[in-house]
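> here is my input; please provide its structure:
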Amino acid sequence: MHLSKIALLIATGLSQVQGAAILARDPTPNVLLHTKVLGNGTLEYWGIPSPEDADRNWDEGWGLPGPVEPPSPAVQRRCGGNDVHCSNANLARSDVCQALVDDLARNPRAGVPPNVRAIVRHQGSFSCYAAWYDVIGNMVFGYLTNAASKTLGICGPGGTVSGFATDVSLNNVCTVQCLSSAPGCFF
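Numbers count the residues shown, from 1 in each chain. Model prediction:
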């Protein structure tokens, strides 16, 4: 009897750990909030509509060089490893995702409003989404670069990519970040 209680506690603990890695889907669907036309495609901001969207400067920080602030030492101790997991669902073309990673890296200080949940790169009829789970205040493109680049490197050598990174630090918030052809982190 004692052994079965221990097994039950271990199983309960494992289900809670697994549940922490896969978050429940927010029932509010992401919608297109803004489109920025680029020379060879478009970049879109997807998220939950906000009254501030109409007056927002969507180009804030666009084209500004320079590094972004690293995570705080306390956050670095508990997250930031960008542990990548590949998927066969929602495969995106690797070249389109590389263009998205390049856009993020070239514009590290471009602002991302807190109601945005995904940045999307379109080239022709192909799309690549960098999406994340949590509300992130004072977010900039530079925070998305490391996990997106690592996911592309690990999951994308075959010409297509789909995956997510856990243990991601986005402006000192530990979250999950995805890279795929889907508008959210739901595989």
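> any figure for the gap between Asn90 and Arg117?
15 Å (C-beta to C-beta, to the nearest Å). To be clear about C-beta, it is placed using only N, CA and C from the backbone, and glycine gets the same treatment.
> the two: which has the busier surroundings?
Arg117 (24 against 20; other C-beta atoms under 10 Å).
> which phi and psi does the closest residue to the more buried one other than its chain neighbours have?
Take Arg117 and drop its neighbours on the chain: the residue closest to it by C-beta to C-beta, 6 or more residues apart in numbering is Gly47, 4.5 Å away. When read as degrees, to the nearest 10, the backbone of Gly47 gives phi 180, psi -160.
> Gly47 - how many residues pack around it?
Residues near Gly47, counting by other C-beta under 10 Å, number 23.
> do the same with Pro49
Counted with other C-beta under 10 Å, residues neighbouring Pro49 total 13.
> specify the beta-bridge partners of the closest residue to it other than its chain neighbours.
Spatially, and ignoring its direct neighbours in sequence, Pro49 is nearest to Val31 (6.1 Å; C-beta to C-beta, 6+ apart). On the basis of DSSP bridges, Val31 is bridged to Gly47.
> residues touching Val31, list them.
Counting by C-beta atoms under 8 Å, 6 or more residues apart in numbering, Val31 makes contact with Trp46, Gly47, Ile48, Pro49.
> element containing the last one, please.
This points to Pro49. Using DSSP states H and E, Pro49 sits in no helix or strand.
> could you pull up the residues touching it?
Taking C-beta under 8 Å, 6+ apart as the definition, contacts of Pro49 comprise Val31, Leu33, Asn115.
> export the residues you listed to JSON lines and tack on pLDDT and distance to Asn171?
Compiled in JSON lines, these are given as follows (pLDDT from 0 to 100; distance: C-beta to C-beta, whole Å):
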{"residue": "Val31", "pLDDT": "89", "distance to Asn171": "23"}
{"residue": "Leu33", "pLDDT": "91", "distance to Asn171": "19"}
{"residue": "Asn115", "pLDDT": "91", "distance to Asn171": "15"}
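> which of those residues sits closest to Ser125?
Val31 (20.3 Å; C-beta to C-beta).
> what average pLDDT does stretch 59-70 get?
Per-residue pLDDT values across stretch 59-70 average out to 67.
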